[in-house]
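K.L.:
Compute the structure for the input listed below.
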Amino acid sequence: FATAADEAESRLGRVDLLFNNAGIAPASVASELRYEKWDLALGVNLTGVINGIQTFLPRMIERGEGGYVVNTSSGAGLVASANVLYVTTKFAVVGLSESLRQALDGHGIDVSVLCPGPVDTGILHNTRSAHAGLSSGVGDDALKDAEAFLKGGADIDSVGETVIAGMEARAMWIHTDDGMRPYVRMRMESLLDSIPAPATTTSTTTPAAPAIDEGS
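P.N.:
Numbers count the residues shown, from 1 in each chain. Predicted structure coming up:
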């Protein structure tokens, strides 16, 4: 990544816009989860994002002239399905992005996370190539259905325009459609319902986020 960054900056000038977009869509039934499948999923979908950040972000901070980071997650980073490999990585990218946005406050560097619905990118074909030798335990019919679902989604050019619009609005989350809305609402309502009722109080102020001692 450092070599790629050096080459990009030597040819194009400084990199102020970073899009961490590499991803695969691995799948495995629970009984066939293996360390090598975890390594593959985490290595591309999470460590790939970390590599981009860790290579380019220090350069942005050192220049002190701002910048923008967009990390690609998924609707599966907001609401879980049974695809534990994919969901784990995409939830991690959402949390990373939300935290990084706070951490960069004051540096003039914005952060957004793209949580797309179906997009026709050929990701399943690329995933099968990366999965060479690793059985997913997912049947051919299921894969065909998934491919048809993705091909029926947004095209990549329209997604690019959506991302630009989200960046102009400095949006924390960027979505390609409203398909996840009812599922996010159900998840949030369920999560809120699980939190114990507050003790009787007269205060109506919203508490600040808990402070974290980074030295601990």
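K.L.:
how much space between the residue nearest the centre of the chain and Met167?
P.N.:
With distances taken as CA atoms, centre = their mean, the chain has Ser73 as the residue nearest its mean C-alpha position (2.1 Å). According to CB to CB, to the nearest Å, Ser73 stands 15 Å off from Met167. All C-beta spots, glycine's among them, are computed from the backbone N, C-alpha and C.
K.L.:
and if you look at Ile24?
P.N.:
Distance of Ile24 to Met167, given as CB to CB: 25 Å.
K.L.:
element containing the residue nearest to the residue nearest to the centre of the chain when sequence neighbours are not counted, please.
P.N.:
Nearest non-adjacent residue to Ser73, counting by CB to CB, 6 or more residues apart in numbering: Val93, 4.1 Å away. In the assignment (DSSP states H and E), Val93 maps to helix 84-103.
K.L.:
Can you give me the buried ones in that helix?
P.N.:
Neighbour counts over helix 84-103 (16 or more other CB atoms under 10 Å) mark 84-94, 96-97, 100-101 as buried.
K.L.:
likewise stretch 114-124?
P.N.:
In terms of neighbour count (16+ other CB under 10 Å), stretch 114-124 has its buried residues at Leu114, Cys115, Pro116, Gly117, Pro118, Val119, Thr121, Ile123, Leu124.
K.L.:
and that stretch, how far out from the chain's middle?
P.N.:
Distance of stretch 114-124 from the chain centroid (CA atoms, centre = their mean, to the nearest Å) equals 12 Å.
K.L.:
That stretch - what's its average pLDDT?
P.N.:
When pLDDT is averaged over stretch 114-124, the result is 83.
K.L.:
distance between the ends of that stretch?
P.N.:
19 Å (CA to CA, to the nearest Å).
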